[in-house]
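1. structure here, sequence nowhere to be found:
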């Protein structure tokens, strides 16, 4: 095997192994010289060959045309003559997933430049307790989803979603105490569709959408702006977490960038960057984890929190995970005194979910957490209350 050709694709550890193979002649001898298990050495070589192939280098398969940095090979077509020798080749490439996300974030930041500092600083309320924080988990709003009452039992569109969410937000904010900080938690699937094709990116499921995608994005962004303004009237500071859902892998990133740009000049607003499927918020003895819930088993969330936030884990007593995705209210406790809770949505059912028999309740909650005692109260607004009030 031509190990030398693999060197441009190797990590430092893999280069060390390649040097040893060159010096001692075999993978087995190299592994012995480096004092590592032979199976681990062979696994390292296998991983390196795979990475090289993704970059377009696999000479045993007549792949010798590497693609640029940041790209991976998405397809290779090789043409052979009657003697079985390659005479032509097409190499298709695409941005790697990591680089693709970087490019998307850069494009979003450029696009949001005109909105930077749109919101001007406002005076905080005169009284606000620093002993408590009010958390408002927003379960799967699905902004842009369309439902027709003849199919689903009720109508739903962007305008209805906006009225329902702002009405419910207004009611739970009024009912809850004036805390120094309010935590607005978008649990993911804020937008129903992530592209103008109206299909989910991972499964390709067709979606029922209202209006054009670009119009929905604009209305959804301004909806969150209005929600933050509602919280600013009651609370001295507002922090926003936007989880990445399975319906809005990219538009969730765009939403966070938009809010960060819009409230750039408002020191009372903090927007956590949307760069991971898992977000955290620490308030004295309370630790909150946030994720959409589509990529990890709920039973594993306690271990994940302990690993991700080891120092906070050791210094806190009340630990919570807020998740969405399933549109149902579900709550249980894990080892380590970790309470996992999923939240309902205010959104109506689309045609598919209605036909599948889904009939979950719909509400919004404001949860009051005390710095020394954990959750001490919550205020709930049912969809009927939101529309009545």
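-> Good, I have the coordinates. No experiment lies behind these values; they were computed from the predicted model shown.
2. residues of stretch 273-281 that come out buried?
-> 274, 277, 278, 279, 280, 281 (16 or more other C-beta atoms under 10 Å). All C-beta spots, glycine's among them, are computed from the backbone N, C-alpha and C.
3. with adjacent residues omitted, what lies nearest to the fourth one?
-> Yep, that's residue 279 we're talking about. residue 290 (4.3 Å; C-beta to C-beta, 6 or more residues apart in numbering).
4. do the same with the first one
-> Nearest-residue entry for residue 274: residue 256, 3.8 Å, with adjacent residues in sequence omitted and distances by C-beta to C-beta, 6+ apart.
5. now do the SS call for the one you found.
-> helix (DSSP: H, G, I helix; E, B strand; the rest coil).
6. and the residue nearest the centre of the protein?
-> Against the mean C-alpha coordinate of the chain, by C-alpha atoms, centre = their mean, the closest residue is residue 244 at 2.1 Å.
7. tell me which residues touch that one, please.
-> Contacts here follow C-beta atoms under 8 Å, 6 or more residues apart in numbering; on that basis residue 244 touches 188, 252, 253, 274, 276, 277, 292.
8. which among the residues you listed gets closest to residue 380?
-> Residue 380 lies nearest to residue 188 out of the contacts of residue 244, by C-beta to C-beta, at 20.6 Å.
9. ok, the closest one - how many residues close by?
-> By other C-beta atoms under 10 Å, the residues close to residue 188 number 29.
10. before we move on, which element is it in?
-> According to DSSP states H and E, residue 188 maps onto no helix or strand at all.
11. how near is it to residue 28?
-> According to C-beta to C-beta, to the nearest Å, residue 188 and residue 28 sit 48 Å apart.
12. list the contacts for the closest residue to residue 131 other than its chain neighbours?
-> In this structure, residue 131 finds its nearest non-sequential neighbour in residue 371, 5.4 Å apart by C-beta to C-beta, 6+ apart. Contacts of residue 371 were listed using C-beta under 8 Å, 6+ apart, and they are 130, 131, 132, 133, 283, 284, 285, 286.
13. adjacent strands (with direction) for the helix or strand hosting the fourth one?
-> For residue 133, the host element (DSSP H and E) is strand 129-138. When pairing is defined by DSSP bridges, strand 129-138 lines up against strand 179-186 (parallel), strand 363-370 (antiparallel).
14. so after that strand, what's the next helix or strand?
-> Once the chain leaves strand 129-138, the next helix or strand it forms, by DSSP H and E, is helix 149-152.
15. distance from the helix or strand following that next one to the middle of the chain?
-> For helix 149-152, the following helix or strand on the C-terminal side (DSSP H and E) is helix 158-175. Its chain's C-alpha centre and that of helix 158-175 lie 23 Å apart, by C-alpha atoms, centre = their mean, to the nearest Å.
16. packing partners of helix 158-175?
-> Packed against helix 158-175 by the contact rule (3 or more C-beta pairs under 8 Å, 6 or more residues apart in numbering; DSSP states H and E) you find strand 129-138, helix 213-234, strand 363-370, strand 374-382, helix 383-388.
17. can you redo these as JSON lines with mean neighbour count and mean pLDDT?
-> Below are the helices and strands packed on helix 158-175 laid out as JSON lines (neighbours: other C-beta atoms under 10 Å; pLDDT from 0 to 100):
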{"stretch": "strand 129-138", "mean neighbour count": "22", "mean pLDDT": "97"}
{"stretch": "helix 213-234", "mean neighbour count": "19", "mean pLDDT": "92"}
{"stretch": "strand 363-370", "mean neighbour count": "23", "mean pLDDT": "98"}
{"stretch": "strand 374-382", "mean neighbour count": "17", "mean pLDDT": "97"}
{"stretch": "helix 383-388", "mean neighbour count": "15", "mean pLDDT": "92"}
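18. to residue 164, which of those lies closest?
-> Comparing the helices and strands packed on helix 158-175 by C-beta to C-beta, helix 383-388 comes nearest, at 5.3 Å.
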